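# for reference, the sequence and a predicted model appear below.
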Amino acid sequence: MQPSSINNYDPTQTKSWKELDLHFNEIKNQSLIDLFKEEPNRLAHLSFDEGNFYFDFSKNHLTKKTLSLFASLANEMGLSEAKKALFQGQKINKTENRSVLHTALRNPADRPIIVEGENIMPLVSEELKKMKDFSIQLHQGEHLGYTSKKIQNIVNIGIGGSDLGPNMVCEALKPYWIKGIQTYFVSNVDASHIDPLLQKLDPATTLFIIASKTFTTQETMTNAMTARNWFIEHASEQEIKKHFAAVSTNEEKVREFGIDLQNMFKFWDWVGGRYSLWSSIGLSIVCTVGYDNFSKLLKGAQEMDDHFMQAPFEMNAPTLMAFIGVWYNNFFKTQTQAILPYDQRLAYFSKYLQQADMESNGKSTDRNGDQVKYETGQIIWGEPGTNGQHAFYQLIHQGTKMIPCDFIAAALPAHDKMNHHDKLMANFIAQTEALMKGKDAASVKSELEQQGMSPEEIKALLPFKVFDGNRPTSTLLMDKLSPENLGGLIALYEHKIFVQGFIWNVFSFDQWGVELGKQLAGNILDEIKTGDVHQSHDDSTRKMIRKYLSHQGS
Ligand code: G6Q
């Protein structure tokens with residue numbers, strides 16, 4: 001049970017929320033530029049260094065008072081107790097009656113965490129050791145394929161939480177890839193995903209990692225079976241044990257599939273899918289970048305955990321980011337949050353966060369089982385800069401919607417082409433300034449005059465070239481995109497999501513919408529296979545099934 005000081009309040013009915021409402025009316029019409037003018041120490045109050053990260057929240061529509069009112073809200077709701085409940089393994093995932101302990105996966109081995117009377121840290125260490133040994137055998141050529149060749153290709157077959165995290169991390173850590181290893185990710189049940197990959201792979205040098213917590217997910221099991229069939233077209237079934245590994249909580253299903261239990265890596269029901277990259281779901285990461293780098297990733301996350309647990313709310317990066325997110329979502333009524341990494345290696349980061357955030361906080365029932373009467377989860381989206389600048393930034397700069405943006409970059413690149421990197425970083429810095437300052441009529445006018453335009457031409461063009469600015473951004477600059485910093489970055493957002501879900505009074509760690517999706521397709525699949533389309537469907541659905549069937553055999 002949760003301690004009594006965790007309050008399942010409708011946040012909008014709290015005293016602090018009412019004060020935030022009044023405060024919102026005071027500052028909603030103040031421009032960012034005005035806020036800077038009024039508060040000489042604004043930057044000092046709203047920016048800080050934490051480990052290898054520099055956070056700048058000053059270009060947001062808020063003041064020190066906003067954050068201290070949010071800190072009161074968090075106190076009123078019992079955030080500190082809720083954090084303890086999370087880290088201590090209380091069953092805060094109530095609808096599934098589970099603990100939520102991704103933080104235990106990066107916890108130092110000598111700090112016990114007790115779940116149902118058992119210290120789980122030895123289990124965690126044991127699985128990490130197994131992953132380490134397996135990857136060393138692979139990299140050193142002790143684990144060879146069926147023709148005694150070294151494994152060169154790793155294919156992770158999984159979906160959702162069993163794909164997005166490891167895929168994002170492997171992409172982000174490209175400079176750390178072990179020489180001679182190529183890693184691929186297959187998720188979609190659409191065979192256009194796996195087919196072209198199998199066509200180019202050599203079965204003798206390929207290892208498939210079937211990553212599925214349940215080992216029943218339709219897409220993953222279909223792809224795994226396709227990979228298995230492809231493999232045994234080339235080699236005997238006895239060789240499967242050299243080329244297939246499984247990551248799952250379901251030993252029985254792994255055995256049924258024919259994977260040697262020696263090659264099975266466990267995790268536990270207290271690890272949620274979208275928080276599982278730190279567990280053996282990270283096996284593809286370990287095989288790709290080596291165990292040392294994986295343990296640095298864990299260490300970086302663990303340091304962020306400590307910061308989250310220890311720093312006061314006003315200096316607590318994930319907590320402040322959560323406050324800012326709620327501020328925009330519920331007071332400014334923004335609907336989306338853009339994640340804009342100025343780093344091509346973070347190409348999958350916003351896609352990863354889409355799941356982490358939207359699956360966690362896309363809820364409309366509160367922790368008391370009542371419908372919420374306020375907005376919850378934000379829509380998360382984004383692309384790396386500078387690409388986005390040539391695409392959707394137009395709307396961020398001049399559209400009718402306010403879109404809070406997180407700008408993320410690493411000061412030091414992993415390459416030596418500073419002529420590229422300086423340009424990337426100049427864009428990174430320039431955009432947040434431009435979004436805040438905009439461009440006023442006087443500067444547009446003088447620019448057009450310099451171009452030799454007539455007053456009539458200037459008058460006609462001017463309204464289109466004026467930028468109001470006043471668009472909010474948060475900036476996160478790290479020294480480099482190392483495994484440690486990547487771990488910290490991911491944990492930062494994990495905790496931000498936790499705090500937001502807590503304030504919105506929703507359960508962030510279940511996903512009944514995903515479960516529904518897993519059930520629904522099954523019935524229609526039977527009808528497709530038998531051609532017996534049920535009358536119980538609505539007209540539109542029935543016709544779509546028939547339409548689809550009419551194309552078969554054509
Ligand atoms: C994550 C979700 C979901 C899940 C996938 C894969 O939190 O529960 O994205 O990870 O549906 O599930 P399996 O790992 O069981 O195949």
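Looks like it arrived, so ask away.
# could you use CA atoms for every contact and neighbour count after this?
OK.
# and I154, that's in a strand?
Yes. Assessed with DSSP: H, G, I helix; E, B strand; the rest coil, I154 lies in a strand.
# hmm, it is touching I181, no?
Yes. Counting by Cα atoms under 8 Å, I181 is a contact partner of I154 at 7.3 Å.
# in the stretch 401-550 of the chain, where is pLDDT below threshold?
Scanning the stretch 401-550 of the chain for pLDDT under 70 picks out no residues.
# state the phi and psi torsions of S474.
phi -120, psi 140 (degrees, to the nearest 10).
# okay, and the beta partners of it?
Note on S474: beta-bridge partners by DSSP bridges are D406.
# if we can go back for a sec, can you pull the residues that touch both of I154 and I181?
T288 (Cα atoms under 8 Å, 6 or more residues apart in numbering).
# count of neighbours near E527?
If you count neighbours by other Cα atoms under 10 Å, E527 ends up with 15.
# quick check: it is in a helix.
Yes. Applying three-state DSSP, one finds E527 inside a helix.
# so I154 and I181 - more neighbours on which side?
A side-by-side neighbour count of I154 and I181, using other Cα under 10 Å, places I154 first with 22 against 18.
# so what's that one up against?
Contacts of I154 (Cα under 8 Å, 6+ apart): I181, Q182, T183, Y184, T206, L207, F208, I209, S284, C287, T288.
# let's see it at 10 Å
By Cα atoms under 10 Å, 6 or more residues apart in numbering, the residues touching I154 are 181-185, 205-209, 243-244, 284-285, 287-288.
# likewise L477?
Per Cα under 10 Å, 6+ apart, neighbours of L477: 49, 52-56, 341-342, 407-411.
# just for the chain, where's the confidence low?
For the chain, the ranges with pLDDT under 70 are 1-4.
# figure out the helix or strand that K83 lives in.
Per DSSP states H and E, K83 falls inside helix 79-87.
# and after that helix, which helix or strand comes next?
strand 114-115.
# which residues sit against that next one?
Q88, G89, Q90, K91, S99, L101, A104, I120, M121, W270.
# biggest separation within these, which pair?
The largest distance within those, taken as Cα to Cα, falls between K91 and M121 and amounts to 17.3 Å.
# mind checking which of the contacts of L477 land in helices?
Among the contacts of L477, no residue falls in helices (DSSP state H).
# and those, which is closest to the ligand?
P341 (23.0 Å; Cα to the nearest ligand atom).
# you'd agree that closest one is up against W381?
No. Using Cα atoms under 10 Å, P341 is not in contact with W381; the gap is 11.2 Å.
# which neighbours do the two have in common?
In contact with both P341 and W381: F349, S350, using Cα under 10 Å, 6+ apart.
# between those two, which one's more packed in?
Neighbour count, other Cα under 10 Å: between P341 and W381, P341 has more, with 27 against 17.
# what residues does the stretch 101-250 of the chain have near the ligand?
Counting by Cα under 6 Å from any ligand atom, the residues of the stretch 101-250 of the chain close to the ligand are I159, G160, G161, S162, S212, K213, T214, F215, T217.
# dump the residue contacts of the last one.
Residues near T217 by Cα under 10 Å, 6+ apart: G158, I159, K518, Q519.
# now do the helix holding K83: which elements does it pack against?
The elements that helix 79-87 packs onto, with contact taken as 3 or more Cα pairs under 10 Å, 6 or more residues apart in numbering; DSSP states H and E, are helix 64-77, helix 291-310, helix 483-503.
# the longest one vs helix 79-87, what angle?
Regarding helix 483-503 and helix 79-87, their directions subtend 120 degrees when assessed with axes from the mean of the first three to the mean of the last three Cα atoms, to 10 degrees.
# rewinding a little: which of the contacts of T217 lies closest to F294?
Among the contacts of T217, and counting by Cα to Cα, the member closest to F294 is G158, at 19.3 Å.
# quick one: contacts for the closest one?
Contacts of G158 by Cα under 10 Å, 6+ apart are 164, 166, 185-188, 209-213, 215, 217, 219-221, 223-224, 247, 281.
# quick check: closest non-adjacent residue to F244.
Closest residue to F244 apart from its sequence neighbours, by Cα to Cα, 6 or more residues apart in numbering: F208 at 4.8 Å.
# mind listing the strands for the protein?
47-50, 53-56, 114-115, 118-119, 153-157, 182-186, 206-211, 244-248, 264-266, 336-341, 379-381, 405-412, 473-480 (DSSP state E).
# can you list those in a markdown table and add distance to L79?
Listed next are the strands of the chain as a markdown table, based on distance: least, Cα to Cα, whole Å:
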| stretch | distance to L79 |
| --- | --- |
| strand 47-50 | 21 |
| strand 53-56 | 22 |
| strand 114-115 | 21 |
| strand 118-119 | 25 |
| strand 153-157 | 37 |
| strand 182-186 | 37 |
| strand 206-211 | 34 |
| strand 244-248 | 32 |
| strand 264-266 | 32 |
| strand 336-341 | 23 |
| strand 379-381 | 24 |
| strand 405-412 | 24 |
| strand 473-480 | 23 |
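# so what's the residue count around L67?
By other Cα under 10 Å, neighbour count at L67 equals 20.
# let me fix that: Y352
If we define neighbours as other Cα under 10 Å, then Y352 has 24 of them.
# and what of L62?
By the criterion of other Cα under 10 Å, L62 has 23 neighbours.
# what does F57 give?
Counted with other Cα under 10 Å, F57 comes out at 25.
# show me which residues of the protein are close to the ligand?
I159, G160, G161, S162, S212, K213, T214, F215, T217, G272, G273, R274.
# of the residues you listed, which is the most crowded?
Neighbour max across those (other Cα under 10 Å) = S162, 28 neighbours.
# that residue: what's it in contact with?
156, 187, 210-213, 220, 247-248, 272-277, 280-282.
# try 6 Å
By Cα atoms under 6 Å, 6 or more residues apart in numbering, the contact set of S162 is A211.
# that one and N52, how far apart?
S162 sits 28 Å away from N52, going by Cα to Cα, to the nearest Å.
# can you pull up the bridge partners for F185?
N156.
# hang on, it packs against G160?
No. Taking contacts as Cα atoms under 6 Å, F185 lies outside contact range of G160: 11.5 Å.
# going by neighbour count, which residues in stretch 189-204 are buried?
I194, L198, P203, A204 (16 or more other Cα atoms under 10 Å).
# please apply the same query to stretch 257-268.
I259, D260, N263, M264, F265, K266, F267, W268.
# number of nearby residues for K28?
Neighbours of K28 using other Cα under 10 Å come to 12.
# ok, and the closest non-adjacent residue to it?
Nearest to K28 is H61, by Cα to Cα, 6+ apart, at 7.5 Å.
# likewise for I497?
The shortest distance from I497 to any non-neighbouring residue, by Cα to Cα, 6+ apart, is to D357 (5.9 Å).
# got it, and T183?
I154 (4.6 Å).
# the closest residue to R111 other than its chain neighbours and the ligand, how far apart?
Of all residues beyond its chain neighbours, the one nearest R111 is M121 (7.6 Å), with distances taken as Cα to Cα, 6+ apart. Distance of M121 to the ligand, given as Cα to the nearest ligand atom, to the nearest Å: 22 Å.
# kindly report the same for E256.
16 Å.
# can you check K437 too?
39 Å.
# from what I can see that residue touches R471, true?
No. The pair K437 / R471 is not scored as a contact, 8.2 Å apart, by Cα under 6 Å.
# buried ones in stretch 453-465?
Neighbour-count burial for stretch 453-465 [16+ other Cα under 10 Å]: I458, L462, K465.
# quick check: nearest residue in space to the residue most central in space within the chain, chain neighbours excluded?
Centroid-nearest residue in the chain: L353, 2.3 Å away (criterion: Cα atoms, centre = their mean). What sits nearest to L353 in space, not counting adjacent residues and going by Cα to Cα, 6+ apart, is I380, at 7.1 Å.
# hmm, back to that, and of the residues of the chain next to the ligand, the nearest to D538?
T217 (26.8 Å).
# name the nearest residue to L86, sequence neighbours excluded.
L86 sits nearest to V100 (Cα to Cα, 6+ apart), 6.3 Å away.
# next one: the one you found relative to I490, how far apart?
In terms of Cα to Cα, V100 sits 16 Å off from I490.
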